[in-house]
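Asks: got a predicted model here, sequence first, then my questions.
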Amino acid sequence: MALSYQYNKQSKKDILRHAKALEKCQIGDVYALELNGKKRQDRLEMYAERNIKGWIDENGGIHKGDKGLIGFLVQDIYFDEPKDNKSKSDLNEAGVELKVSPLIKKPRAGLKVKERLVLGMINKEEKLPDVFRDSHIYEKCKLMMLVYYVDESNQNVTPFKFPFYKSAYVKIPEADMAMIEQDYRYIRDCVNKKKYDELHERNAYYLSPCPKNNRRAFSLKLSYMNRLFSEYINKDILLYNPEKKSKIVPFFGSIIRNPKDLKRESFETIVQGRFNRYKGKTVRQIRQSIMKSNDFKKWNQKNTVDKAEFARTTMAMLGVETDQAEEFVKAGIYVKTLRVNKNGTMNENISFSAFDFSDLLEEKWKESTVYEEMVNRKFLWSVFKENEKGEYVFHGAIFWSMPQDDEKIIKKGWEDIRDIIRAGIKFVKDVNDDGSPILTTRGKNRILNNFPDSRNTDKNRKEYRLCPSPKPYNRIISIRPHASLVYYDLKSIGYKDTGNPRCNGSCLPNGDVMTKQCFWFNNEYILEQIKEIL
């Protein structure tokens, strides 16, 4: 499809038409427009594909690619608006901020937004306006034109072949803008009070102070952008129509029904206020106080208080009828209902995403899955404790993020696991003290490995004698199977258990295949974090 430079820069409607013309094109088509059109040599040199993907010169020098040039290419060439880092919106004549954003295709989840949306740098030497609406960030995020393309580099596709996917306006809903304004006030206070080093993404909800080029930048979180994309943009539900008003209905239930509430109280204060009224009540008592009389009678007759009911009750206390709350999903907050037994132990284990061993070895710490999911994140623990009657009583809920001192410990645990994988994981068949094999319920050998846990790091345990770990037990994290179905193809010890689908296994550097693993928070560590409300 032939592209054109021509569009009405003052018309929001024509900007949308111009943006959507990209949807059947590739990145290289924009370059070809300049190559066959205005032919500005400086632009052609700047946006040449080799600068995007990287290249090696005739002397063997390695030149790193910059995929950020794709956004500049679209704005500078196709929209004919030079990238100048001004505080005003990119398409200023119409009051529209242009953002070109990559998607990535996940094997099971489909298309997802690849990265957070950066809105502008934070200058720690420059005082931020007291009022959010006076800030350049408000100007940039009040109306955006998002142009999405699919980054297919993981499929060995070169950048000029990346396809454009969708283009759409985003007008941030009023309730979301109120949350963003609250985040802005947090960032503003840190900057203006010379507490720049205290800025952290996990202390923000939607608008975060993300690291960028050894500084920090205003950005909309990846969790927030994925929510907008998956529930609205990818389903062609308009977040803004230049020809008529659009009403946005959240997919999940919302905690904040009136955005003005966030002017008077913080989001956390509102959430805690909802929870506090139910402290000291059992699940049934909470349900009875929330539900209408006839509804509760039906619920009480049919329902056993199972694991899922604790999670549903947590949402119900917040006034949310769905299994998740819109604000938590957009902010990437991990909500977990914890049941503590009368003896002080905890039933729940807290696991995170499964990983492939090759991906884990290639990660850098600040870009790792462990850092993003366990360190650079806010959690909400909702805590029930068993009383003498065997009933679970609500003790309260707390927002939590990892203390800075503990980050060093979890990083060490992450490094230890990688070291073991590189050195080669040791596997043995588990046996009883008399040497007889220990079998699973399926009649297969139970397999031990030398990832550190509470058993193979204890010299008094059989597991230590059979398969000792070369690394110490980490009090915060451990690595355990993620897949519910076992898969082993261990050439190193001549053992196979491959009756389940291959997707349950992950390949190790030496060619062995073991059941997929993930990182977990250790129960005793979580119990330490919630002891103040037990």
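Replies: Cool, the structure landed. Predicted model, so just to flag it, every value in this text is computed and none were measured. Numbering: from 1, shown residues only.
Asks: buried sites along the helix or strand of the chain with the lowest mean pLDDT?
Replies: When the helices and strands of the chain are scored by mean pLDDT, DSSP states H and E, helix 293-302 comes last with a mean of 82. Buried residues in helix 293-302, counted by 16 or more other CB atoms under 10 Å: residue 296. Where C-beta positions appear, they are placed from N, C-alpha and C, glycine not excepted.
Asks: for the helix or strand just after it, name the packing helices and strands.
Replies: As assigned by DSSP states H and E, the chain's next helix or strand after helix 293-302 is helix 307-317. Helix 307-317 sits against helix 283-290, strand 334-340, strand 379-386, strand 392-400, with contacts defined as 3 or more CB pairs under 8 Å, 6 or more residues apart in numbering; DSSP states H and E.
Asks: show me the contact partners of helix 307-317.
Replies: For helix 307-317, the surrounding residues in contact (CB atoms under 8 Å, 6 or more residues apart in numbering) are 253, 274-275, 278, 283, 286-287, 290, 303, 321-325, 335, 337, 339, 382, 384, 392, 394, 397.
Asks: same check, this time on stretch 408-423
Replies: For stretch 408-423, contacts defined as CB under 8 Å, 6+ apart pick out 357, 360-361, 365, 368, 370-371, 374-375, 402, 450-452, 469-472, 474-479, 508-509, 519.
Asks: show me where the stretch 51-200 of the chain has helices.
Replies: Here the stretch 51-200 of the chain has its helices, by DSSP state H, counting those that start in this stretch, at 69-73, 136-141, 174-192.
Asks: could I get those as TSV with distance to residue 215 and mean neighbour count?
Replies: Formatted as TSV, those follow (distance: least, CB to CB, whole Å; neighbours: other CB atoms under 10 Å):
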stretch	distance to residue 215	mean neighbour count
helix 69-73	19	21
helix 136-141	15	20
helix 174-192	12	20
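Asks: do you know which of these lies nearest residue 162?
Replies: Between residue 162 and the helices of the stretch 51-200 of the chain, the shortest gap by CB to CB is with helix 69-73, which sits at 7.5 Å.
Asks: who touches the closest one?
Replies: Outside helix 69-73, the residues that touch it by CB under 8 Å, 6+ apart are 27, 30-31, 46-47, 51-52, 83, 99-102, 149, 159, 162.
Asks: go with 10 Å
Replies: Applying CB atoms under 10 Å, 6 or more residues apart in numbering, the contact partners of helix 69-73 are 27-28, 30-31, 33-34, 43, 46-49, 51-53, 66, 76, 82-83, 90, 98-102, 118, 147, 149, 151, 159-160, 162.
Asks: got phi/psi on the closest residue to residue 359 other than its chain neighbours?
Replies: Spatially, and ignoring its direct neighbours in sequence, residue 359 is nearest to residue 369 (8.0 Å; CB to CB, 6 or more residues apart in numbering). Residue 369 adopts backbone torsions of phi -60, psi -40, taken as degrees, to the nearest 10.
Asks: was I right to think residue 369 contacts residue 363?
Replies: Yes: when contacts are counted by CB atoms under 10 Å, residue 369 is listed as touching residue 363 (7.0 Å).
Asks: element containing the residue nearest the centre of the chain?
Replies: Residue closest to the average C-alpha location in the chain (CA atoms, centre = their mean): residue 223, at 5.1 Å. Residue 223 belongs to helix 222-231 when assigned by DSSP H and E.
Asks: and the strands in the stretch 1-150 of the chain?
Replies: For the stretch 1-150 of the chain, applying DSSP state E, counting those that start in this stretch gives strands covering 55-56, 62-63, 97-106, 110-113, 117-122, 144-150.
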